[in-house]
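Colleague: Predicted coordinates and the sequence they were generated for:
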Amino acid sequence: MNRRGEFRVTVTKDYLVFASAHFITFAGHRCEGLHGHNYRARVTIEGALNEESWFVFDFVVLKKIMRRLCDEIDHKVLLPLGNPKIQLSEAGDSLNVAYEGKPRYVFPKADCALLPVPNTTVEMLAELLTKRLRAELDAMGARGLTMIEMEVEENFGQTAVYRVRL
Ligand SMILES: [Zn+2]
């Protein structure tokens, strides 16, 4: 059957949240102090209709993956691995965080999530969650998907959206 329209499915749930601490660096020599957000994620997937089940993607599976991705970084200090202004070094069970070479924080290692991003902005978190979701979808052999859009909110009315064509 030919359909002209496209389908997309969206998941946003109470449990797709992560309460995490972070700080970002700005251009020049400015760096935020440590603070936290109750982040919320919302994902939209676009793709061909699976004509056996008549859906784009199984909601149950999508919710489960998204919940795991959020849980991984929930109740953690989010730290960027790719920020040239931030130096991370391990000392036993602790993680020392320096900003431009000056010691700034010491956290228990177990409480930190080291992320492959240049800065823990909502934009970069949205892109990271998209990459992680995409890897999961690829691993399970999901087919026919054409687009992922990830929204991450860090505050009421303050969100970033990352969208990638597959
Ligand atoms: Zn913040």
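Modeller: Arrived safely. Residues are numbered from 1 along each chain as shown.
Colleague: residue ranges with poor pLDDT in this protein?
Modeller: 1-3 (pLDDT under 70).
Colleague: 80 instead?
Modeller: Filtered on pLDDT under 80, the chain yields the residue ranges 1-4.
Colleague: quick one, strands of it?
Modeller: 7-11, 17-22, 35-47, 77-80, 86-91, 94-99, 102-108, 112-115, 145-155, 158-165 (DSSP state E).
Colleague: now the most centrally placed residue in the chain: how far from Leu78?
Modeller: Most central in the chain under C-alpha atoms, centre = their mean is Leu129, positioned 3.2 Å from the mean C-alpha point. Going from Leu129 to Leu78 by C-beta to C-beta, to the nearest Å gives 12 Å. C-beta coordinates here come from the backbone N, C-alpha and C atoms, glycine included.
Colleague: Next: Trp54.
Modeller: For Trp54, the distance to Leu78 - C-beta to C-beta - is 39 Å.
Colleague: With Val43 instead?
Modeller: If you go by C-beta to C-beta, the gap between Val43 and Leu78 works out to 19 Å.
Colleague: ok so, going back, which among the strands of the chain is found nearest to Asp71?
Modeller: Checking these against Asp71 by C-beta to C-beta gives strand 17-22 as the closest, at 7.5 Å.
Colleague: Can you point out the buried residues in that closest one?
Modeller: Within strand 17-22, the residues scored as buried using 16 or more other C-beta atoms under 10 Å are Val17, Phe18, Ser20, Ala21, His22.
Colleague: Dihedrals phi and psi, the nearest residue to the second one once chain neighbours are set aside?
Modeller: Counting by C-beta to C-beta, 6 or more residues apart in numbering, Asp74 is the residue found nearest to Phe18 once chain neighbours are left out, at 4.1 Å. Dihedral pair for Asp74: phi -70, psi 140, per degrees, to the nearest 10.
Colleague: Please give me every residue in contact with Leu78.
Modeller: Ser20, Ala21, His22, Cys112, Ala113, Leu115, Thr120, Leu125 (C-beta atoms under 8 Å, 6 or more residues apart in numbering).
Colleague: Count the residues that sit near the fourth one.
Modeller: It refers to Cys112. 19 (other C-beta atoms under 10 Å).
Colleague: right, and it touches Ile73 too?
Modeller: No - using C-beta atoms under 8 Å, Cys112 is not in contact with Ile73, being 10.0 Å away.
Colleague: quick one on the thing from earlier: of the strands of the chain, which stretch is the most buried?
Modeller: Among these, strand 77-80 has the highest mean neighbour count (mean count of other C-beta atoms under 10 Å), at a mean of 22.
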